[in-house]
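In: Take a look and give me a structure for this.
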Amino acid sequence: MPGTLAMGFTIGSEFDLALFLVGRRFPPAHFSTLFGSIYLAVSVGGGGGPILAGMLYDRAGNYLPWFVVAATCLLVSSILCLIGRSSVFRDSSIAPSVA
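Out: Sure thing, here's the model as predicted:
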């Protein structure tokens, strides 16, 4: 029961957290594009992940290859979160001043 509750709370909060982080880290001009891309990635991963896990299980006979893929994706996403704002987005919403 505790595991089910924890999973339900995390699934329900993933998009709320994505909204908050995109809104805080990037300028408002890029919000819809970035959030739409995140929503697309989560939707494709949620639909394709079980299929890929099943295919890898059928080939290997165990879930070890799937755990390697999942751990690698988690590591890459964690590193991307730690990098910070990209310089491409810095001050792009501020108009240059004419002096």
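In: Please tell me how far Gly47 sits from Ala53.
Out: To Ala53, Gly47 is 12 Å away according to C-beta to C-beta, to the nearest Å. Yep, even glycine has a C-beta here, placed from its N, CA and C like the rest.
In: check contacts around the residue positioned nearest the centre of the chain.
Out: Centroid-nearest residue in the chain: Ile38, 5.7 Å away (criterion: C-alpha atoms, centre = their mean). For Ile38, the contacting residues are Ala18, Val22, by C-beta atoms under 8 Å, 6 or more residues apart in numbering.
In: one step back: give me the more crowded residue out of Gly47 and Ala53.
Out: Ala53 (16 against 9; other C-beta atoms under 10 Å).
In: unless I'm mixing things up, that one is touching Tyr63, no?
Out: Yes - contact criterion C-beta atoms under 8 Å: Ala53 and Tyr63 qualify, at 7.0 Å.
In: Spell out the residue ranges of the strands in the chain.
Out: In the chain, no segments count as strands under DSSP state E.
In: Show me the shaky parts of it.
Out: Along the chain, segments meeting pLDDT under 70 span 84-99.
In: let's see it at 50
Out: 95-99 (pLDDT under 50).
In: May I ask you to name the longest helix in it?
Out: helix 31-60 (DSSP state H).
In: for that one, which positions count as buried?
Out: Judged by neighbour count using 16 or more other C-beta atoms under 10 Å, the buried positions of helix 31-60 are Leu34, Phe35, Ile38, Ala53, Leu56.
In: closest to Ser77 among those?
Out: Closest approach between those and Ser77, by C-beta to C-beta: Ile38, at 10.6 Å.
In: And the closest one, how close does it get to Met55?
Out: For Ile38 relative to Met55 (C-beta to C-beta), the value is 25 Å.
In: One more: Gly36?
Out: Gly36 is 28 Å from Met55, by C-beta to C-beta.
In: Could you tell me how many residues sit around Leu21?
Out: Leu21: 14 neighbours (other C-beta under 10 Å).
In: List the single closest residue to it in space, sequence neighbours excluded.
Out: Among residues not flanking Leu21 along the chain, Cys81 sits closest, at 7.9 Å (C-beta to C-beta, 6 or more residues apart in numbering).
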